[in-house]
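Asker: just coords:
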């Protein structure tokens, strides 16, 4: 039974297949009343607000299976869709998944993908409450919907940033973009010479950031421990520029971002340099970071120091100021978000 | 601006496009705290339970744009995903949508699709709280997630049917399947002779059932007015046989279904006959009905008569009896659900 096309596995129909695949999923959240196995999932939220987000991931648009392992892909799907909930300062609790496959894929492929989804969900304490497998003509298509919870006082929108508030980001930037450059380069080498072995020595961090990024539940939990409720927040998925413009546009504000404060590993910096790419351009316009960008009150300045992996990168200004980058050599450049006109690059 | 590929419309980026397309959407539910325009939708449910369901619809797998108008397709997407919530006896309240398109589609195409989605949502009093537009390589792919609410005492699962309870269905069956046969026939005629005009005289009902089916919110509302809480319920999307087996399997019961009680219009019957298809086979194994199948206690027999468009088609038996069809000429045939092994036919 290596082929999921219905014609070729009469002994295992769609519903049995889904039941079989779902066997490994553990449900640990008290709010999960019913998971896979009925017409819809049932949730008993313990918070006043429920948040929901969904994304579609398409082969050869959002991912390339020539270099993306299916387990990593499954993990990344969870990261991407849950990051949107975390960016509302909500805690993800349930996830449902639809996978469309053609007869290019065997049962093992689906199991690998679901293994990655299950690991991603376990790490975030998210229950898988929906699973559907359907047919595609050729490409794999994955759709994921996540549900989370938060209390009204905890909800953080893109709107809400005020003058002089501190602009913060989690983690570091452009590593995922540098990882993508490496993978694309090795793909070209491989296409030219299929016996070539990839050369990724010492660059595991960049590959991991591209292939298997983490959702920043740790940051949300740390902010709560420090009693910090950001005044605005956004998921950085299309680069820092798009994220900053989303906050400024929604809040009707401007901002200044200090180039020298943008967190980036030396490995990322050197790799970008080897590709002749200006590192700040990559941080502003690269994608797939899944870090959080948020603003906090000046009065939270002391407490934010207790939150690991957060950098203050600028502050909020009046709207008329616009969004400005202050470069290391003291020039001011207006920030424009390439991500705003790129439909292609959004997963 | 006829082309949505980002390269060809630099003046309108992805985020602006989504904001523009979302302008027509009205939000009427008190539970909708935030809709389109942030990282996730925010809902303040007024019931204890939240239900969620999502589906993916792929061109040339689940729909064929050679004969499916985009407005109807949008409407049908809403019907399909909300029907799953209604089958839990829940009231759909919010819907989010992801549409992937290639440069085969212009802005008008997306607007037509969304017009249909908006009309479907309006009819069900559902708010559109999420919209994403992304790129596909060629085919249109639509993913929809719906959220609804119900109180624990109202929740109806597939599990719960008991011996001697009445088996009920809403509406009539196989009309959508007959509509599909007509459309496929005319497609073949058109392929052979592109100047041919379709011949659908007097068969509007069948086409409507296939192209623009309705979700049975009316039935759920009527059941509530009559204080009837079904003991089990399922959305009939892959034919009556699959639906009955879902109830029986989950409830660990058998059932008897009377062939002569299966509701079907004369038009459906005659059309199926013209295609040499046995009408009961079409009702059992055809798809796209989106009617509800449910069981009620014998004590609800008098009240169910007050619910329009519901037929009693059989009753529940002990598990050992199996699922049996009693034919009009008094033969008993064991029901097997083709839908259980058909991955292809699930939207």
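Answerer: Looks like it came in fine. Computed from a predicted model, the values in this text were never measured in an experiment.

Asker: mean confidence for the host helix or strand of residue A:218?
Answerer: Assigned by DSSP states H and E, residue A:218 belongs to helix A:217-225. Averaged across helix A:217-225, pLDDT comes to 98.

Asker: so what touches that helix?
Answerer: With CB atoms under 8 Å, 6 or more residues apart in numbering or on different chains as the test, helix A:217-225 has contacts from A:82, A:86, A:89, A:91-92, A:124, A:154, A:170, A:229-230, A:292, A:306-310. Backbone N, C-alpha and C define where each C-beta goes, glycine included.

Asker: filter those to the buried ones?
Answerer: A:82, A:86, A:89, A:91-92, A:124, A:154, A:170, A:229-230, A:292, A:307, A:310 (16 or more other CB atoms under 10 Å in any protein chain shown).

Asker: all strands of chain A, in order?
Answerer: Along chain A, the stretches classed as strands by DSSP state E are A:32-34, A:41-43, A:49-58, A:91-101, A:127-135, A:141-150, A:166-170, A:232-236, A:254-258, A:291-296, A:310-317, A:323-326, A:332-334.

Asker: what packs against the first one?
Answerer: Using 3 or more CB pairs under 8 Å, 6 or more residues apart in numbering or on different chains; DSSP states H and E as the contact criterion, the secondary-structure elements in contact with strand A:32-34 are strand A:41-43, strand A:127-135.

Asker: so how far is the longest one from its chain's centroid?
Answerer: Same thing as strand A:127-135. Its chain's average C-alpha position is 20 Å from that of strand A:127-135, according to CA atoms, centre = their mean, to the nearest Å.

Asker: how close does residue A:170 sit to residue A:238?
Answerer: 16 Å (CB to CB, to the nearest Å).

Asker: same question for residue A:37.
Answerer: Taken as CB to CB, the span from residue A:37 to residue A:238 is 36 Å.

Asker: again, but for residue A:103
Answerer: Note on residue A:103: its distance to residue A:238, by CB to CB, is 34 Å.

Asker: kindly report the same for residue A:286.
Answerer: Distance, residue A:286 to residue A:238, using CB to CB: 9 Å.

Asker: these two: who's more crowded?
Answerer: residue A:286 (30 against 24; other CB atoms under 10 Å in any protein chain shown).

Asker: tell me how many other residues crowd the residue lying closest to the more buried one once chain neighbours are set aside.
Answerer: In this structure, residue A:286 finds its nearest non-sequential neighbour in residue A:177, 2.9 Å apart by CB to CB, 6 or more residues apart in numbering or on different chains. Residue A:177 has 26 neighbouring residues, counting by other CB under 10 Å.

Asker: next one, pLDDT for residue A:177 please.
Answerer: For residue A:177, pLDDT reads 97.

Asker: that one contacts residue A:282, doesn't it?
Answerer: Yes. Here residue A:177 reaches residue A:282: they are 5.0 Å apart, a contact under CB atoms under 8 Å.

Asker: identify the residue spatially nearest to the residue sitting nearest the centre point of chain A, adjacent ones excluded.
Answerer: With distances taken as CA atoms, centre = their mean, residue A:80 lies nearest the centre of chain A, 3.0 Å away. Spatial nearest neighbour of residue A:80, excluding adjacent residues (CB to CB, 6+ apart): residue A:55 at 5.7 Å.

Asker: again with residue A:47
Answerer: residue A:149 is the one closest to residue A:47 (CB to CB, 6+ apart), at 3.8 Å.

Asker: same question for residue A:228.
Answerer: The spatial neighbour of residue A:228 that comes closest, neighbours along the chain excluded (CB to CB, 6+ apart), is residue A:300 at 4.9 Å.

Asker: what about the one you found, how many neighbours?
Answerer: Around residue A:300 there are 21 other residues, counting by other CB under 10 Å.

Asker: my guess is it meets residue A:294, correct?
Answerer: No. Counting by CB under 8 Å, residue A:300 stays clear of residue A:294, with 10.5 Å between them.

Asker: all good on my end, thank you.
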